[in-house]
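Visitor: missing the sequence, but the structure's below:
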């Protein structure tokens, strides 16, 4: 199963640590504990890595990282641009969490998956319900640091005719995990390279209290949906970890 989550050798090394320019957590570096990490799968076949973090103030942050693309894009952990392969953005952030919490890459942490009952949001019922999902046991209860941004983005609604999620004209503010590190203050990249712990301080100096505008009026980069291949293709995905 681990090989399924390993990036191929042709994937470019890509840093997710950039200074860059729920709202429950302000943009800052936070000390937190990993309360839950479970896997889920969209109708498109894309696989998500779902986090629930708690900070010292007892506040909870939930984040969904897309670590495998949908059926349309081949159910891959990477995407191709200009003839080169790059890890999916969500895969990179999930990998940084694994390194920060355990010293191991996502591939190794996925060897500790066990099916457990977890609370999952059900769009049809409009609330969280208990469902069985693969849980990454090696991450549960670990303490990590996380760089968190407030993001303003478009609210989206599914177009029943196309199956795509389109802007509604309204906006919302969410939290987004940018990268993780250990409690000694080293980012995952600094842990892997043996570098000194400096990046969290630089990132915090530039980003604490800053909100990033990702609404359509500031569009310019390829959307996550385009990278993920989030269409309505209902063919069976390559992954079987969600089979009943």
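Guide: Now that the structure is in, tell me what you want to look at. All values reported here derive from a predicted model rather than from experimental measurement.

Visitor: where does the prediction get shaky in the protein?
Guide: For the chain, applying pLDDT under 70 flags the ranges 1-24, 218-244.

Visitor: do that again at 50, thanks
Guide: The chain contains residues with pLDDT under 50 at 15-23, 232.

Visitor: quick one, strands of it?
Guide: For the chain, strands defined by DSSP state E occupy the ranges 28-41, 47-55, 60-68, 78-81, 84-87, 113-122, 127-136, 143-158, 165-181, 211-213.

Visitor: tell me which of these is the most buried.
Guide: Ranked by mean neighbour count, the strands of the chain are led by strand 47-55 with a mean of 21 (mean count of other Cβ atoms under 10 Å). (Glycine included, C-beta is placed from N, CA and C.)

Visitor: sheet partners, orientation included, of that strand?
Guide: Strand 47-55 pairs in its sheet with strand 28-41 (antiparallel), strand 60-68 (antiparallel), by DSSP bridges.

Visitor: who does the residue positioned nearest the centre of the chain bridge with?
Guide: Per Cα atoms, centre = their mean, the C-alpha nearest to the average position across the chain is that of residue 65, at 2.0 Å. Beta-bridge partners recorded for residue 65 (DSSP bridges): residue 49.

Visitor: in JSON lines: the strands paired with strand 47-55, plus distance to residue 177.
Guide: As requested, these are exported to JSON lines (distance: least, Cβ to Cβ, whole Å):
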{"stretch": "strand 28-41", "distance to residue 177": "10"}
{"stretch": "strand 60-68", "distance to residue 177": "5"}
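
Visitor: hmm, what's the outermost residue in the chain?
Guide: Most distant residue from the mean C-alpha position of the chain: residue 161, 28.1 Å away (Cα atoms, centre = their mean).

Visitor: and it, what does it touch?
Guide: By Cβ atoms under 8 Å, 6 or more residues apart in numbering, the contact set of residue 161 is empty.

Visitor: need the longest helix for the protein.
Guide: Under DSSP state H, the helix in the chain containing the largest number of residues is helix 89-102.

Visitor: for that helix, packing partners?
Guide: Under the contact criterion of 3 or more Cβ pairs under 8 Å, 6 or more residues apart in numbering; DSSP states H and E, helix 89-102 touches strand 28-41, strand 47-55, strand 60-68, helix 106-109, strand 143-158, strand 165-181, helix 188-193.

Visitor: tell me the angle it makes with strand 165-181.
Guide: Orientation of helix 89-102 against strand 165-181 (axes from the mean of the first three to the mean of the last three Cα atoms, to 10 degrees) gives an angle of 30 degrees.

Visitor: chain center to helix 89-102, what's the gap?
Guide: 8 Å (Cα atoms, centre = their mean, to the nearest Å).

Visitor: need the contact list for residue 130.
Guide: Contacts for residue 130 were tallied using Cβ under 8 Å, 6+ apart; they are 117, 118, 119, 120.

Visitor: I'd guessed the first one sits against residue 131; true?
Guide: The one in question is residue 117. Yes. With contact defined as Cβ atoms under 8 Å, residue 117 reaches residue 131; the gap is 7.2 Å.

Visitor: can you pull the contacts of residue 150?
Guide: Neighbour list for residue 150: 23, 25, 26, 27, 173, 174, 175, 176, 210, 211, 212 [criterion: Cβ under 8 Å, 6+ apart].

Visitor: count the residues that sit near the fourth one.
Guide: Here the count is done by other Cβ atoms under 10 Å, and residue 27 has 23 residues near it.

Visitor: distance check, residue 121 against residue 40.
Guide: Residue 121 sits at a distance of 10 Å from residue 40 (criterion: Cβ to Cβ, to the nearest Å).

Visitor: okay then, goodbye and thanks.
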